[in-house]
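> next come a sequence and a model predicted from it.
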Amino acid sequence: MVLSAVAQLALEVERQEPGTLVYLAHYPRMDAEGLQSLPPQVERKLLFFEVYRDAKAFLQHLNGLLFMQFVADYGSCFVSANGKPYTTVQFLSRHAGFMRVAPITEPTIVQTSSLPTANQHPAVMFEVIANDQNAVKTFYSKVFGWTYQSGSGGFAYIHFPVQGQPLLGGIGQADPAVPGFTPGRNFYLLVDELEAAIARATAAGGSIYMPIAAVDGYRFAMIQDIEGNPVGLIEPFSG
């Protein structure tokens with residue numbers, strides 16, 4: 001039961017905590033005779049290996065709803081110390097090495113013919129063509145903290161770091177009566193929390209275009225910037 005809960009916790013951390021870069025849970029393999037170090041491994045033990053973008057991201061995980069709820073639900077299944085699951089923690093500074101992507105479960109046989117072909121040609125750039133470029137740049141800086149790099153003709157580029165968040169696209173049926181479904185194109189920006197992003201947008205002079213919705217496992221909304229351009233907002237999700 002606890003192992004299943006840990007697996008679900010890891011999925012939710014990946015979906016909801018973009019500042020958590022690596023979140024791996026291991027338990028000792030008792031069949032690895034001759035490979036164990038001394039003293040012998042304790043069978044009923046979990047080892048978590050975690051990497052965070054910064055100290056703030058670690059504290060957000062430690063004090064966040066996901067981990068706190070896991071402790072509340074399953075803390076009694078662990079050896080306790082001062083009313084909490086007993087843990088030993090060591091913080092590390094990376095010195096050298098690398099990480100390869102590797103399977104985390106035992107190999108399984110998969111019929112590849114049943115797998116869909118991977119989609120190609122993802123969207124990798126968006127543009128907002130403004131009537132008042134400086135005012136619109138200021139709006140997006142206030143809401144999303146963007147900084148700009150000037151290009152030809154004063155075009156303001158926004159560069160983003162490479163992240164592991166999966167890409168998502170969709171094609172829907174137009175319905176002009178429904179905000180977000182007028183014919184045309186929408187783009188969605190990844191935000192940690194919809195409510196906070198919407199509050200920043202309205203404070204900076206924008207407005208709510210489509211209220212928060214949760215559909216098909218995605219939680220999203222849309223705002224309008226100061227020139228009325230619709231901008232989608234979406235919280236972290238798994239692929």
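Ah, there it is.
> following element in sequence after the lengthiest helix in the chain, please.
Ranked by residue count and defined by DSSP state H, the top helix of the chain is helix 2-16. Remark: after helix 2-16, the chain's next helix or strand is strand 20-26, criterion DSSP states H and E.
> now that following strand: average pLDDT?
Per-residue pLDDT over strand 20-26 has a mean of 87.
> kindly export the strand ranked longest in the chain (C-alpha atoms) in CSV.
Counting residues, the longest strand found in the chain (DSSP state E) is strand 207-215. Taking Å, rounded to 0.1, in the frame of the first residue of the first chain, the C-alpha atoms of strand 207-215 are listed here in CSV:
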residue,chain,number,x,y,z
SER,A,207,-8.5,40.7,-17.3
ILE,A,208,-9.9,37.2,-16.9
TYR,A,209,-11.0,35.8,-20.3
MET,A,210,-11.8,32.2,-19.4
PRO,A,211,-12.1,31.2,-15.7
ILE,A,212,-10.1,28.3,-14.2
ALA,A,213,-11.2,24.9,-15.6
ALA,A,214,-10.1,21.3,-15.1
VAL,A,215,-10.6,19.0,-18.1
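> who does whatever helix or strand comes next after that strand touch, helix- and strand-wise?
Remark: after strand 207-215, the chain's next helix or strand is strand 218-224, criterion DSSP H and E. Counting contacts by 3 or more Cβ pairs under 8 Å, 6 or more residues apart in numbering; DSSP states H and E, strand 218-224 packs against helix 194-203, strand 207-215, strand 230-234. In short, each C-beta sits where N, CA and C put it, glycine included.
> which of the residues in strand 218-224 are buried?
For strand 218-224, burial by neighbour count (16 or more other Cβ atoms under 10 Å) applies to Arg219, Phe220, Ala221, Met222, Ile223, Gln224.
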